[in-house]
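J.: sequence and computational prediction follow.
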Amino acid sequence: MKFEKEILCIGAGYVGGPTMAMIASKCPQYRVTVVDIIPEKIDQWNSADLPIYEPGLDKIVKQARGKNLFFSKDIGAGIKAADIVFVSVNTPTKTFGAGAGMAADLQYVEKTARQILEYSESSKIVVEKSTIPVRTAQAIKRILVSDKSDVHFEVLSNPEFLAEGTAMRDLENPDRVLIGSQETDSGLKARNELVEIYANWLPKDKIITSNIWSSELSKLVANAFLAQRISSINAVSSLCEETDADVGEVARAVGLDSRIGSKFLQASIGFGGSCFQKDLLNLVYLYCHYGLNEEADYWEGVLKINENQMDRFVKNMLRNMFNTLAGKRVCVFGFAFKANTGDTRNTPSLTVVEKLLAEQAEVAITDPKALDNAARDLKDAKGNYELISDPYEAAGGCHAIAIMTEWELYRDLDYQKIFDSMQKPAFIFDGRNIVDHDKLFEIGFNVFPIGKPKKVHF
């Protein structure tokens, strides 16, 4: 079959794989290829067991794979054939040198740019899909124009705004798609080509355009604002617990103000995932780099509140379980950083489990999708812990349950059965405020929500 365009994505992770699957599904006239430096990951994308869990992803991949969606280990051939190359490689926080612990590590972006230059035999549009600092496009362009004067490259910014757990829905019907370019004739032409891809399934009023620097910065700022809302309501939750106010009622009253809105005002154990912490640290580093230290302190405070929420959660467990957790068995419901994903990057559960183990608690961890990742994350942990898929088995004999992930499964469990199997007095610490606290109290649990009055029998 002759395809109208050859699209390549370098990077087969949580962004690249789902994004390319959606483009292939909506644009059968394009050939879409995904490559990665990890051969095992490509093998998984070509198997019945995909490397990531995302509702709806499996169906879309199986419908398009082998028709116009391909997963390949041959990066060089993919680059040679491509008209448009999406760069969706990892940009973790640096762990070494200048900016360690804050700045984005761009070594994989640079290596990818050099690969594109090495294998390109024709002009290409290169699209930044990874989350990167503002003005990274300039560095990519300098590498691409350093050789092969007969090959022209245009660099665009097209940041992802996906939420794990709803990624396929977000891709099919996003709030917006943002495309940034240099505002030259060739830059605008390249931008219009990318607009036309998304226009295959989205109305053009959802596809917004900007200069490339605004697009790069918008991703960091969007995540910073979302993280700030979570930290804000979590800061309020601590005051609610001290005053017997109900953070849910406060959030509802505040969220009905049209200037504020209700989204991201759900008090919880804190935010996790691959983006919020990394992007906030990156933003703080950028502010410091430009000498904007007061603004840097503001955004760093958002992270400190998030870290404090997890610490406060464990201290609350310790205080209410008679000031010792040593030898007590605690069941952790959920290890993924949020529901409907197996992703455990920066998950609050890891921090809480490590703190529980430091208190010499015995920990049973259960999760419907994240236990393999939990095993990897905890391989060097010191202490007594188990990974158990069945929540009833995990809770048996425990002194307390800590609800860490808002899986729907945990709302509907038979808590009478669980209570009967536990040590008494039995405790539930609801880090997501997802279960019926009154009903649990009636069963016999001592219940400790986030930002709401506790319900205790003693």
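T.: Yes, it's here. Residues are numbered from 1 along each chain as shown.

J.: quick check, E154 in a strand?
T.: Yes - the assignment for E154, made by DSSP: H, G, I helix; E, B strand; the rest coil, places it in a strand.

J.: which residues does it bridge with?
T.: Counting by DSSP bridges, E154 is bridged to I125.

J.: residue numbering should commence at 245 henceforth.
T.: With the count now opening at 245, the last piece we talked about shows up as E398.

J.: any idea how far it lies from A381?
T.: Per Cβ to Cβ, to the nearest Å, E398 is found 10 Å from A381. No exception for glycine: its C-beta is placed from N, CA and C like everyone else's.

J.: OK, contacts around the residue lying closest to A325 once chain neighbours are set aside?
T.: Once flanking residues are discounted, A325 sits nearest to E250: 4.9 Å by Cβ to Cβ, 6 or more residues apart in numbering. By Cβ atoms under 8 Å, 6 or more residues apart in numbering, the residues touching E250 are Y274, R275, T277, A325, A326, D327, I328.

J.: what about E250, which SS state?
T.: Under three-state DSSP, E250 falls in the strand class.

J.: using JSON lines, lay out the contacts of E250 together with neighbour count, pLDDT and secondary structure.
T.: Putting those into JSON lines (neighbours: other Cβ atoms under 10 Å; pLDDT from 0 to 100; DSSP: H, G, I helix; E, B strand; the rest coil) gives the following:
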{"residue": "Y274", "neighbour count": "19", "pLDDT": "98", "secondary structure": "strand"}
{"residue": "R275", "neighbour count": "22", "pLDDT": "98", "secondary structure": "strand"}
{"residue": "T277", "neighbour count": "24", "pLDDT": "98", "secondary structure": "strand"}
{"residue": "A325", "neighbour count": "17", "pLDDT": "97", "secondary structure": "helix"}
{"residue": "A326", "neighbour count": "26", "pLDDT": "98", "secondary structure": "coil"}
{"residue": "D327", "neighbour count": "17", "pLDDT": "98", "secondary structure": "coil"}
{"residue": "I328", "neighbour count": "22", "pLDDT": "98", "secondary structure": "strand"}
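
J.: tell me which two in the residues you listed are the farthest apart.
T.: Checked with Cβ to Cβ, these reach their widest spread between Y274 and A325, with 12.2 Å between them.

J.: before we move on, back to that, the residue nearest to A325 and L415, how far apart?
T.: Distance, E250 to L415, using Cβ to Cβ: 20 Å.

J.: show the average pLDDT along the helix or strand hosting E362.
T.: Per DSSP states H and E: E362 is located in helix 351-363. On average, the pLDDT along helix 351-363 is 95.

J.: by contact count, what packs against it?
T.: strand 249-254, helix 319-325, strand 328-331, strand 368-372, helix 380-388 (3 or more Cβ pairs under 8 Å, 6 or more residues apart in numbering; DSSP states H and E).

J.: what segments of the stretch 545-694 of the chain are helices?
T.: Along the stretch 545-694 of the chain, the stretches classed as helices by DSSP state H, counting those that start in this stretch are 592-602, 615-621, 635-639, 652-655, 659-665, 681-687.

J.: how far away is the residue nearest to A325 from S332?
T.: For E250, the distance to S332 equals 16 Å [Cβ to Cβ].

J.: over to C575?
T.: C575 is 37 Å from S332, by Cβ to Cβ.

J.: swap in D394?
T.: Between D394 and S332 the computed distance is 27 Å (Cβ to Cβ).

J.: and these two? Which one has more around it.
T.: S332 (27 against 7; other Cβ atoms under 10 Å).

J.: make sure L422 is indeed in a strand.
T.: Yes - checked against three-state DSSP, L422 lies within a strand.

J.: related to what we said a few turns ago, ok, and what's touching the helix holding E362?
T.: If you take Cβ under 8 Å, 6+ apart as the criterion, helix 351-363 is touched by 254-255, 319-321, 323-324, 329, 331, 333-335, 368, 370, 374, 376, 380, 383-384, 387-388, 390-392, 397.

J.: quick one, which of those are buried?
T.: 254-255, 319, 323, 329, 331, 333, 335, 368, 370, 374, 376, 380, 383-384, 387-388, 397 (16 or more other Cβ atoms under 10 Å).

J.: straight-line length of stretch 523-542, end to end?
T.: Using Cα to Cα, to the nearest Å, the end-to-end distance of stretch 523-542 comes to 14 Å.

J.: actually stretch 602-610, not the one I typed
T.: One end of stretch 602-610 sits 19 Å from the other (Cα to Cα).
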